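Asks: Sequence and predicted structure, then a few things I'm wondering about:
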Amino acid sequence: MKTRSIQGSRSFKGFTLIELLVVITIIAILAGLAVPAFNGVQERARMLQGSNNCRQIMIALKSWAGDNNGNYPDSDRDAQPQTSNDAFRLLIKRSLLEDERVFGCPASFALADNNIGEPPDYQEALEVGENHWVMTKGLTDSASGNAPFIFENPVGEGWPPMWNCDVAGQPKEGRAWKGGKILVGRNDGSVNPEILETAKGDSVPLKTNASGKDLFTQFSEEGEFLDIQR
């Protein structure tokens with residue numbers, strides 16, 4: 001009996017050069033769409049983490065105020081804080097916060113190692129380069145809920161504060177987020193990304209309203225804040 005190999009009735013050809021180019025083009029387009037979307041999700045996740053850190057700091061400050069006639073640590077007569085690092089260190093000394101890493105933020109120069117030293121002084125807590133946040137001076141827990149309370153470190157010490165959009169997303173002092181945003185916690189406990197006047201420039205304030213005022217100048221024309229320790 002003779003045997004023969006059975007071949008399929010259809011023959012298969014390889015891809016032509018044009019077909020390969022079409023496939024490669026489609027993959028490139030899909031990759032081009034996916035990368036920005038992924039970066040956007042990653043940026044929002046980082047901002048959410050920063051917002052959570054800011055909120056935890058404000059909760060601790062509210063607890064402090066509850067034991068000090070509504071005043072925040074910047075008004076402490078014994079310690080007389082000169083920087084936000086000094087004021088926030090009091091929260092650790094009072095055991096209102098135990099992990100100094102909460103004072104950091106994604107895409108920040110500030111990298112806390114959580115080595116806070118020994119009680120009662122905790123001298124190694126919040127040293128230079130371990131705190132990302134600053135606080136408005138002179139607020140109390142009964143002040144306007146809309147008052148800017150805790151916010152990301154700006155460039156310089158002037159009022160209203162400004163940020164550097166030219167180093168957005170980089171671990172630099174005074175950096176903004178990409179797209180010209182900054183995280184600000186208000187006295188009512190809320191934290192939001194606030195829009196800056198522009199997305200470019202090395203000294204950019206918050207966007208102003210129709211009357212020419214931003215969130216800070218609405219609160220005070222001549223306010224002050226406790227800067228980070230430099």
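Replies: Nice, thanks for sending it over.

Asks: so the spatially most central residue of the chain is in which element?
Replies: The centre of the chain sits closest to residue 50, judged by C-alpha atoms, centre = their mean, with a distance of 4.2 Å. Per DSSP states H and E, residue 50 falls inside helix 17-66.

Asks: Mind giving me the packing neighbours of that helix?
Replies: Judged by 3 or more C-beta pairs under 8 Å, 6 or more residues apart in numbering; DSSP states H and E, helix 17-66 is in contact with helix 84-93, strand 133-136, strand 148-152, strand 181-186, strand 191-195. (Glycine included, C-beta is placed from N, CA and C.)

Asks: Residues touching stretch 50-66, excluding its own?
Replies: Residues from elsewhere that reach stretch 50-66, judged by C-beta atoms under 8 Å, 6 or more residues apart in numbering: 71-73, 88, 90-91, 94, 96-97, 102-106, 132-133, 135, 140-141, 149-152, 183, 185, 189, 191-193.

Asks: Tell me the gap between it and the middle of its chain.
Replies: 15 Å (C-alpha atoms, centre = their mean, to the nearest Å).

Asks: cool, and stretch 47-59?
Replies: 8 Å.

Asks: One more: stretch 77-85?
Replies: On C-alpha atoms, centre = their mean, the centre of stretch 77-85 falls 23 Å from that of its chain.

Asks: Any buried residues in that stretch, and which?
Replies: For stretch 77-85, a neighbour-count test (16 or more other C-beta atoms under 10 Å) marks 81, 83-85 as buried.

Asks: Now the residue nearest to the centre of the chain: closest residue in space that isn't a chain neighbour?
Replies: residue 105 (4.2 Å; C-beta to C-beta, 6 or more residues apart in numbering).

Asks: For that neighbour, the count of nearby residues, please.
Replies: Residues lying near residue 105 (other C-beta atoms under 10 Å) number 24.

Asks: For it, give its distance to residue 172.
Replies: 12 Å (C-beta to C-beta, to the nearest Å).

Asks: for residue 201, same thing?
Replies: Taking C-beta to C-beta, one finds residue 201 at 14 Å from residue 172.

Asks: Next, format the buried residues of stretch 77-85 as TSV and append distance to residue 28.
Replies: Below are the buried residues of stretch 77-85 laid out as TSV (distance: C-beta to C-beta, whole Å):
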residue	distance to residue 28
81	54
83	50
84	47
85	48
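
Asks: how about these in TSV, adding distance to residue 66 and pLDDT?
Replies: Shown next, in TSV, are the buried residues of stretch 77-85 (distance: C-beta to C-beta, whole Å; pLDDT from 0 to 100):
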residue	distance to residue 66	pLDDT
81	19	97
83	24	98
84	20	98
85	23	98
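
Asks: now residue 107: how far from residue 24?
Replies: From residue 107 to residue 24 the distance is 34 Å (C-beta to C-beta).

Asks: the more surrounded of these two?
Replies: residue 107 (19 against 10).

Asks: List the residues that contact the more buried one.
Replies: So residue 107 contacts 46, 169-171, 175, 177 (C-beta under 8 Å, 6+ apart).

Asks: hey, C-alpha coordinates of stretch 43-63 in PDB?
Replies: Output of stretch 43-63 as PDB, limited to C-alpha atoms (Å, rounded to 0.1, in the frame of the first residue of the first chain):
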ATOM      1  CA  GLU A  43       1.800  61.300  38.700                       C
ATOM      2  CA  ARG A  44      -1.700  61.200  40.200                       C
ATOM      3  CA  ALA A  45      -0.600  58.400  42.500                       C
ATOM      4  CA  ARG A  46       2.400  60.400  43.700                       C
ATOM      5  CA  MET A  47       0.200  63.500  44.300                       C
ATOM      6  CA  LEU A  48      -2.200  61.300  46.300                       C
ATOM      7  CA  GLN A  49       0.600  60.100  48.500                       C
ATOM      8  CA  GLY A  50       1.800  63.700  49.000                       C
ATOM      9  CA  SER A  51      -1.800  64.700  49.900                       C
ATOM     10  CA  ASN A  52      -2.100  61.900  52.400                       C
ATOM     11  CA  ASN A  53       1.200  63.000  54.100                       C
ATOM     12  CA  CYS A  54       0.000  66.600  54.300                       C
ATOM     13  CA  ARG A  55      -3.300  65.500  55.800                       C
ATOM     14  CA  GLN A  56      -1.500  63.400  58.500                       C
ATOM     15  CA  ILE A  57       0.600  66.400  59.400                       C
ATOM     16  CA  MET A  58      -2.500  68.600  59.700                       C
ATOM     17  CA  ILE A  59      -4.300  66.000  61.900                       C
ATOM     18  CA  ALA A  60      -1.400  66.100  64.300                       C
ATOM     19  CA  LEU A  61      -1.300  69.900  64.300                       C
ATOM     20  CA  LYS A  62      -5.100  69.900  65.100                       C
ATOM     21  CA  SER A  63      -4.400  67.600  68.000                       C
END
